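Student: Here is a sequence with its predicted model. Questions after.
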Amino acid sequence: MIERRESQRSKSLPLSSMSKITEVKGCIIEKARCTKRRMKVRKIAPSLRGVAEAAGLIGAGKLVFIPTETVYIACTAIQPSPFLSPNTHFMNLLPTRRTNETIIEPPLLLLMSKPVSTLRRLACWKQKRPYAIQQKDVATSESSPVVFFSEAEEVLRRLAMKFWPGPMIIYANTENKSLLPLASKKDNSNYVAISSPSHPLAKRILREGYSSMKLGDTNRVLVGSLSCGGSSSTTTNGSYYLTKASDVSRRVASKFAYSSEDNNKHVAHVIDGEETRELFSVPTCQYGQPCPSSLWIDEPSRTLYIRGKDTFGDIAKDMSEDSLKKLLLLASQCNTTYENQTYTDKVVSAVLFKWKVVDERPK
């Protein structure tokens with residue numbers, strides 16, 4: 001009777017809550033129950049050695065929380081794919097992704113140290129097209145030189161020169177299927193959110209993170225999440241965002257649990273941005289929230305949208321329609337083999353003059 005009851009009891013136990021079952025003198029005995037373990041959190045000092053360690057961990061696909069000038073972000077490296085499956089714990093950080101025609105908040109970020117060159121490699125936008133200025137005298141035998149460039153790339157190049165590195169998040173329209181798992185959907189179009197933080201810690205970690213990747217990983221990118229787990233109801237200030245390493249550690253420890261016996265696979269690393277005795281002692285998370293405004297590059301309609309709310313800091317004065325329109329008409333920085341840079345500037349400016357800037361922020 002005892003043997004039967006113990007057998008029935010062992011069958012009713014879920015596999016995740018059982019450890020080892022042994023048979024002693026015909027009776028099945030449960031040696032121990034294995035409860036869910038909390039994820040381990042390890043702090044890394046903001047020193048040169050700590051930065052190198054964090055960059056190596058990120059490049060290897062591990063989960064590292066790094067401070068920026070706005071908030072802490074969860075960072076890892078992925079290989080863009082239509083069937084994206086990055087670090088499991090990283091995906092658990094993300095809020096529920098809505099499927100209707102709304103912006104996903106908070107967005108997944110492509111974290112860049114050299115944004116334009118990296119995104120060009122990922123084919124984030126359409127391929128370069130030929131442009132030329134039509135001659136007034138059509139009877140002339142001379143043809144106008146052709147300049148090849150991407151309009152969206154030129155727009156992003158100008159925005160990057162003005163706002164990056166910094167807190168501004170720029171959304172670029174993409175047709176690359178491998179980037180769709182990272183994309184936000186708006187008006188039936190897919191956009192990838194791009195960020196290039198300005199805090200010295202974040203800048204150095206991203207730069208060394210890309211450098212630590214193997215030669216065959218040229219298409220891998222670093223991605224980040226502004227959410228450190230949970231929802232807006234799980235924080236004291238009603239926000240997804242965290243600004244202190246101690247808060248990140250508590251959130252991660254309470255958010256993640258596992259039943260595996262291999263503890264080394266379940267470690268999150270947090271850069272201690274509040275440590276002031278180390279080399280990188282610049283205050284972190286000074287803004288305390290992501291940039292309220294964002295810029296959206298919509299190449300099909302040749303429109304640059306300003307969305308969100310009124311922004312903060314010195315960038316507020318540059319977020320008007322007039323200021324951004326003047327920015328688009330600056331001298332070209334595109335790579336071209338044509339020797340006459342003045343002509344190139346003229347062609348690019350003539351094309352970008354057709355772009356509109358629309359401020360959709362509430363008045």
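Tutor: Received it, and whenever you're ready, just let me know what you need.

Student: Lys186: neighbour count?
Tutor: Neighbours of Lys186 under the rule other CB atoms under 10 Å: 18. All C-beta atoms are positioned from the backbone trio N, CA, C, and that covers glycine.

Student: Show me what it is bridged to.
Tutor: Lys186 has these beta-bridge partners by DSSP bridges: Ser189.

Student: wait, doesn't it sit right on Ile297?
Tutor: No. Using CB atoms under 8 Å, Lys186 is not in contact with Ile297; the gap is 11.7 Å.

Student: shared neighbours, the two?
Tutor: Tyr171 (CB atoms under 8 Å, 6 or more residues apart in numbering).

Student: my guess is Ile44 meets His269, correct?
Tutor: Yes. Under the criterion of CB under 8 Å, Ile44 makes contact with His269 at 5.5 Å.

Student: Between these two, which contacts overlap?
Tutor: 54, 64.

Student: which residues of the stretch 151-300 of the chain fall in strands?
Tutor: Using DSSP state E, counting those that start in this stretch, the strands found in the stretch 151-300 of the chain span residues 166-173, 184-186, 189-196, 221-225, 257-258, 267-271, 293-298.

Student: If I average pLDDT within each of these, which one is lowest?
Tutor: Of all these, the minimum mean pLDDT falls on strand 257-258 (a mean of 56).

Student: what about Ala268, distance to Pro80?
Tutor: From Ala268 over to Pro80 the distance is 23 Å, taken as CB to CB, to the nearest Å.

Student: quick one, which of those two is more surrounded?
Tutor: Taking other CB under 10 Å, Ala268 and Pro80 do not tie; Ala268 has more neighbours (26 against 21).

Student: roughly how far apart are that one and Asp247?
Tutor: For Ala268, the distance to Asp247 (CB to CB) stands at 13 Å.

Student: Likewise for Arg49?
Tutor: Arg49 sits 24 Å away from Asp247, going by CB to CB.

Student: Which one's more surrounded, the two?
Tutor: Neighbour tally, Arg49 and Asp247, criterion other CB under 10 Å: the higher count belongs to Asp247, 16 against 11.

Student: hmm, back to that, I'd like the strands of the stretch 151-300 of the chain laid out as a markdown table, including distance to Ala350.
Tutor: Below are those laid out as a markdown table (distance: least, CB to CB, whole Å):
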| stretch | distance to Ala350 |
| --- | --- |
| strand 166-173 | 22 |
| strand 184-186 | 28 |
| strand 189-196 | 25 |
| strand 221-225 | 33 |
| strand 257-258 | 58 |
| strand 267-271 | 46 |
| strand 293-298 | 19 |
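
Student: nearest residue to Trp355 other than its sequence neighbours?
Tutor: In this structure, Trp355 finds its nearest non-sequential neighbour in Arg302, 4.7 Å apart by CB to CB, 6 or more residues apart in numbering.

Student: ranges for the helices of the stretch 151-300 of the chain?
Tutor: Taking DSSP state H, counting those that start in this stretch as the criterion, the stretch 151-300 of the chain carries its helices at 151-163, 200-211, 245-255.

Student: Figure out which of these is closest to Tyr72.
Tutor: Tyr72 sits nearest to helix 245-255 of all the helices of the stretch 151-300 of the chain, at 5.2 Å, using CB to CB.

Student: List the buried residues in the closest one.
Tutor: Using 16 or more other CB atoms under 10 Å as the test for burial, helix 245-255 gives 245, 247-249, 251-252, 255.

Student: which of these lies closest to Tyr171?
Tutor: Distance ranking of these against Tyr171, using CB to CB, places Val248 first at 25.8 Å.

Student: before we move on, the earlier item: and the gap between the residue nearest to Trp355 and Ala132?
Tutor: Using CB to CB, we find Arg302 at a distance of 18 Å from Ala132.

Student: Okay then, goodbye and thanks.
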